[in-house]
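Student: Generate a structure from the sequence data that follows.
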Amino acid sequence: MAVAPRSDHTHVLLVRGINVGGHAKVPMAHLRRIATAADALEASTILNSGNVLFRVDRQAGPQADADAWDIAYRVQSALESELGLTVTVIPASRAELATALALHGRLGFAGGEDRLTHLALLAEPAGPEQAEALETLDAGEDRCAVSGRFVWLRYANASHSSKLSLDRIERTLGTRATARNLLTVRRLAAVA
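Tutor: Reported below is the predicted structural model:
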């Protein structure tokens, strides 16, 4: 049975690499069950690509975000122990999604096709040297901008053929990442 996405959630979990191209299949009902077992309150999913909306049992702020990270670690561990999947799970608060979208609106390369614009959310904020290394990488017509835990990417043609791949982002910035296209980020923010 499909569950309507929450509209009162405080956070979202972004699970990297599930249900993409027929790989790492995880039914959304199972993902909701795992998230609920990890103490995500009123967990619901949106789209079929590993987006879990949920609430934490605290007011917004640093402790609520710490609780979201605890939930993310437990979901990541459960996906590995129950399904044998080694995936990255990164939480974002409603405020972070709003900040990311506001940042996107100020970028010189904003606009164009939404499906060719992606937000990579990092597990740790990028340091200035790493951010500069990524932003100055010769990626042809593809562009990126790094700010804290956010990397906005603008692809000229497609993400899968770009030098600005998630693997390259992780190696250059020294942290784990997962990405969603602008359409998905806007949809997640709209229900936020």
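Student: From here on, just use CA atoms for contacts and neighbour counts.
Tutor: Fine.
Student: what ranges do the helices span in this protein?
Tutor: 28-37, 62-83, 94-105, 128-135, 166-173, 182-190 (DSSP state H).
Student: Make CSV from those helices and add mean neighbour count, mean pLDDT and distance to V151 to it.
Tutor: Formatted as CSV, the helices of the chain follow (neighbours: other Cα atoms under 10 Å; pLDDT from 0 to 100; distance: least, Cα to Cα, whole Å):
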stretch, mean neighbour count, mean pLDDT, distance to V151
helix 28-37, 19, 94, 26
helix 62-83, 18, 91, 19
helix 94-105, 17, 91, 9
helix 128-135, 16, 96, 9
helix 166-173, 17, 96, 9
helix 182-190, 17, 87, 12
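Student: Now those in JSON lines, please, with extra columns for distance to R16.
Tutor: Output for those, formatted as JSON lines (distance: least, Cα to Cα, whole Å):
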{"stretch": "helix 28-37", "distance to R16": "13"}
{"stretch": "helix 62-83", "distance to R16": "10"}
{"stretch": "helix 94-105", "distance to R16": "17"}
{"stretch": "helix 128-135", "distance to R16": "21"}
{"stretch": "helix 166-173", "distance to R16": "10"}
{"stretch": "helix 182-190", "distance to R16": "14"}
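Student: For W152, which of these is the nearest?
Tutor: With Cα to Cα as the measure, helix 94-105 is the member of the helices of the chain nearest W152 (6.9 Å).
Student: by contact count, what packs against that closest one?
Tutor: Judged by 3 or more Cα pairs under 8 Å, 6 or more residues apart in numbering; DSSP states H and E, helix 94-105 is in contact with helix 182-190.
Student: angle of the helix it packs on against helix 94-105?
Tutor: Angle of helix 182-190 versus helix 94-105, following axes from the mean of the first three to the mean of the last three Cα atoms, to 10 degrees, is 140 degrees.
Student: ok now helix 182-190, how far from the chain's centre?
Tutor: 11 Å (Cα atoms, centre = their mean, to the nearest Å).
Student: what does that helix contact?
Tutor: 46, 94, 97-98, 101, 114-119 (Cα atoms under 8 Å, 6 or more residues apart in numbering).
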